[in-house]
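**Student:** coordinates only, sequence not included:
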């Protein structure tokens, strides 16, 4: 149950129109002592393929396996000798020399389902055995990777320390656990930016919006008035929720008064040639915005794949985004892979050409892989005209590039049908530590929202062999 302070804080955010879930100016809240290690990466971009991307149809293909396992796609050579990708990733194939592919991620969860898979991969912590598939985020949850980075890295002077776009996690009306700061406190939640399928160049940043009759001068007057009204109560409001309230409010005013904030989120400032390289979908434009935010110095950016419900229905991709229970081959071949291939390859090349890739860790992950054998029972089984693949948390792949990562390599291997890790098995905890290592974060001691000391991730280790 939420206490009154927590409810009051949320009421303030809603009433004020300031959806500042997670802006980090409060380095005081959790960083007991920052790492003295110089970061290899200044920023991280996480591309999250919502739904569970099929590893066996993309970057861990098994051409020698039986047809019901390997599926209809063929592998193609890439710019990295000895590494093959799916034939429907031709743009990425030309950028594979930048990639490290971790093919031995065993992310098994007891439920073999989305919510537990999200939690494990987004936090590095194994969820409880009975993790329900409808569970909402809890204040006691372990924090999201981006929230740890936001808490441990020096705050950006005028922008959020982590940005999440173009849609919140989960289906409309729900939020996936693992995507929030949890026990670190709401100050380190993501800052959400919302995109639109019909208008992919238009993003909504509620906390950077003023009502039509509010000028910057009036905003300053309102802040001064608010400070005067609150002054008599300050000594009575030194609880952690009150401090979080103050931090969020102060960041809101700072953002609203900063021209840099508006410019960083305005993708229309990019040339038409650059926008064309990425493509015109909301997910493509989000990857371009991620590059702009890296240039602006934002430490952590998440691009959460925003699926188009109407397009999914039209194509019969009824699982939603990369959740290919139905029509696995056609939904990947005609829709998902082209929509990912072009902008992601453009992002890698763009970062490289601008001299930003060495200082930017780029990661592609998901909550699970897909079953090795085609024929999801819920879509007609093996006899279906276009069989699907079901959930499979037991084996998946993660892509890494930049941030000191040595490109053109594969780490680990799955078995002959991509069902389980067979060599150098790792878990999401290892991937999380690898992100922290790239970002120069060696000290994972922190203070939780109740003021108690905790260690943010004791399991696993950084895959330093990749660097």
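**Tutor:** Done, it's in. In this text, all values refer to a predicted model and were calculated from it rather than measured experimentally.
**Student:** what's next to the helix or strand harbouring residue 337, contact-wise?
**Tutor:** Under the criterion of DSSP states H and E, residue 337 resides in helix 337-353. Helix 337-353 is contacted by residues 45, 47, 49, 58, 86, 88-92, 94-95, 98-99, 274, 277-279, 281, 283-284, 287-288, 290-291, 294, 305, 357, 360, 362, 364, 401-402 when judged by C-beta atoms under 8 Å, 6 or more residues apart in numbering. Using the backbone N, CA and C atoms, a C-beta is placed for each residue, glycine as well.
**Student:** Now, of these, which are buried?
**Tutor:** If you count burial by 16 or more other C-beta atoms under 10 Å, the buried members of these come out as 45, 47, 49, 58, 86, 88-92, 95, 98-99, 277-279, 281, 283-284, 287-288, 290-291, 294, 305, 357, 360, 362, 364, 401-402.
**Student:** So which of those residues belong to helices?
**Tutor:** Among the buried ones among the contacts of helix 337-353, the residues falling in helices (DSSP state H) are 90, 91, 92, 277, 278, 283, 284, 287, 288, 290, 291, 294.
**Student:** now these as CSV including pLDDT and distance to residue 465?
**Tutor:** Converted to CSV, those look like this (pLDDT from 0 to 100; distance: C-beta to C-beta, whole Å):
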residue, pLDDT, distance to residue 465
90, 98, 29
91, 98, 28
92, 98, 23
277, 97, 33
278, 98, 32
283, 98, 31
284, 98, 32
287, 98, 28
288, 98, 32
290, 98, 27
291, 98, 28
294, 97, 25
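**Student:** need the contact list for residue 323.
**Tutor:** 50, 51, 52, 114.
**Student:** let's see 10 Å
**Tutor:** 49-54, 114, 307, 312, 317, 331, 366-368, 370, 388-391 (C-beta atoms under 10 Å, 6 or more residues apart in numbering).
**Student:** what separates it from residue 105, distance-wise?
**Tutor:** 18 Å (C-beta to C-beta, to the nearest Å).
**Student:** Against residue 263, how distant is residue 421?
**Tutor:** Counting by C-beta to C-beta - residue 421 and residue 263 are separated by 44 Å.
**Student:** Ok, residue 104 next?
**Tutor:** From residue 104 to residue 263 the distance is 42 Å (C-beta to C-beta).
**Student:** Ok, residue 399 next?
**Tutor:** Per C-beta to C-beta, residue 399 is found 30 Å from residue 263.
**Student:** the more surrounded of these two?
**Tutor:** residue 399 (22 against 11; other C-beta atoms under 10 Å).
**Student:** you'd agree the more buried one is up against residue 362?
**Tutor:** Yes. Between residue 399 and residue 362 there is a contact at 7.9 Å, judged by C-beta atoms under 10 Å.
**Student:** Find residues that contact each of these two.
**Tutor:** 47, 98, 99, 344, 348, 405.
**Student:** Looking at those residues, which is nearest residue 130?
**Tutor:** Nearest to residue 130 among the shared contacts of residue 399 and residue 362, counting by C-beta to C-beta, is residue 47 at 30.3 Å.
**Student:** which ones are touching that closest one?
**Tutor:** Neighbouring residues of residue 47 by C-beta under 10 Å, 6+ apart: 283, 286-287, 290, 301-305, 340, 343-344, 347, 362-366, 399.
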